[in-house]
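Trainee: Only the shape, not the letters, is given here:
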């Protein structure tokens with residue numbers, strides 16, 4: 001099995017090395033193609049107005065001056081001798097749950113693979129930045145290979161990617177694995193943090209305020225992580241809301 005590994009935190013990110021180790025537990029044919037610089041939050045963007053600069057750093061190891069989407073396309077269409085059989089995107093430093101999947105470059109790397117018809121996983125390690133401790137990388141490293149192999153054995157439908165979030169705890173504290181739905185945060189927690197630089201000029205950060213933690217009863221990725229469980233969430237490329245489409249069809253009949 002040929003595996004392409006990418007991420008959005010950049011070629012030097014520790015999580016990329018963890019993702020490569022995960023891939024090597026599954027196959028010996030592993031290629032790494034990741035962004036030259038941090039591309040967190042770029043979502044599914046393409047570099048259309050700038051050339052892609054490809055830099056080889058080692059055997060089957062490349063950096064691209066571009067986005068995670070660029071990296072997957074570069075790997076599948078140019079660098080690899082044949083398209084990969086599997087794409088692993090991550091391991092992201094921080095969770096990609098709930099609305100994060102809309103912004104995440106990590107998820108976008110897996111999404112582009114799904115667009116190309118390649119089975120894919122987005123892997124993210126939750127952690128609490130407030131305590132300034134390093135993420136529990138061993139949690140993803142220990143648990144990811146078995147999850148990936150079990151899902152691949154089941155088979156991933158076309159146009160679907162699998163989003164996996166590992167909880168902020170050591171490997172032995174993980175309570176299990178949930179097949180979870182995509183959660184939703186209270187968007188009232190989203191706010192603009194206004195500050196001033198040394199010259200008195202204003203600048204701004206988009207930030208989240210701390211809110212109530214979800215309970216483990218709603219079956220979402222957020223709840224799973226709160227309960228120290230691994231969240232496995234299938235995401236579809238087709239964003240059509242079928243129930244509302246049916247109602248709109250009554251408003252706008254085709255004949």
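Mentor: That came through fine. The structure presented is a predicted model; accordingly, all values stated were derived computationally and were not measured.

Trainee: Where do the helices of the stretch 1-150 of the chain begin and end?
Mentor: All helices of the stretch 1-150 of the chain, identified by DSSP state H, counting those that start in this stretch, fall at 14-24, 68-74, 100-103, 105-115, 137-154.

Trainee: I'd like those written out as a markdown table, with mean neighbour count added.
Mentor: All C-beta atoms are positioned from the backbone trio N, CA, C, and that covers glycine. Below are the helices of the stretch 1-150 of the chain laid out as a markdown table (neighbours: other CB atoms under 10 Å):
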| stretch | mean neighbour count |
| --- | --- |
| helix 14-24 | 21 |
| helix 68-74 | 27 |
| helix 100-103 | 18 |
| helix 105-115 | 27 |
| helix 137-154 | 17 |
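
Trainee: okay, those in TSV with distance to residue 39 next?
Mentor: Below are those laid out as TSV (distance: least, CB to CB, whole Å):
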stretch	distance to residue 39
helix 14-24	12
helix 68-74	6
helix 100-103	11
helix 105-115	5
helix 137-154	19
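
Trainee: mind putting the ones you listed in TSV, distance to residue 199 and mean pLDDT included?
Mentor: Listed next are those as TSV, based on distance: least, CB to CB, whole Å; pLDDT from 0 to 100:
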stretch	distance to residue 199	mean pLDDT
helix 14-24	35	98
helix 68-74	35	98
helix 100-103	30	96
helix 105-115	32	98
helix 137-154	39	98
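
Trainee: Which one of these lies nearest to residue 125?
Mentor: helix 137-154 (4.7 Å; CB to CB).

Trainee: Contacts for that closest one, please.
Mentor: Here helix 137-154 makes contact (CB atoms under 8 Å, 6 or more residues apart in numbering) with 14-15, 18, 21-22, 25-26, 86, 88, 90-91, 119, 121, 123, 125, 162, 164, 166-167, 169-171, 174, 177, 230, 232.

Trainee: Drop anything exposed from those.
Mentor: Neighbour-count burial (16 or more other CB atoms under 10 Å) applied to the contacts of helix 137-154 gives 15, 18, 21-22, 26, 86, 88, 90-91, 119, 121, 123, 125, 162, 164, 166-167, 169, 174, 177, 230, 232.

Trainee: Which members of these are positioned in strands?
Mentor: 86, 88, 90-91, 121, 123, 125, 162, 164, 166, 177, 230, 232 (DSSP state E).

Trainee: want to throw those residues into JSON lines with distance to residue 1 and pLDDT?
Mentor: Converted to JSON lines, those look like this (distance: CB to CB, whole Å; pLDDT from 0 to 100):
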{"residue": "86", "distance to residue 1": "6", "pLDDT": "98"}
{"residue": "88", "distance to residue 1": "11", "pLDDT": "99"}
{"residue": "90", "distance to residue 1": "18", "pLDDT": "98"}
{"residue": "91", "distance to residue 1": "19", "pLDDT": "98"}
{"residue": "121", "distance to residue 1": "13", "pLDDT": "99"}
{"residue": "123", "distance to residue 1": "17", "pLDDT": "99"}
{"residue": "125", "distance to residue 1": "23", "pLDDT": "98"}
{"residue": "162", "distance to residue 1": "16", "pLDDT": "98"}
{"residue": "164", "distance to residue 1": "18", "pLDDT": "99"}
{"residue": "166", "distance to residue 1": "22", "pLDDT": "98"}
{"residue": "177", "distance to residue 1": "22", "pLDDT": "98"}
{"residue": "230", "distance to residue 1": "22", "pLDDT": "98"}
{"residue": "232", "distance to residue 1": "20", "pLDDT": "98"}
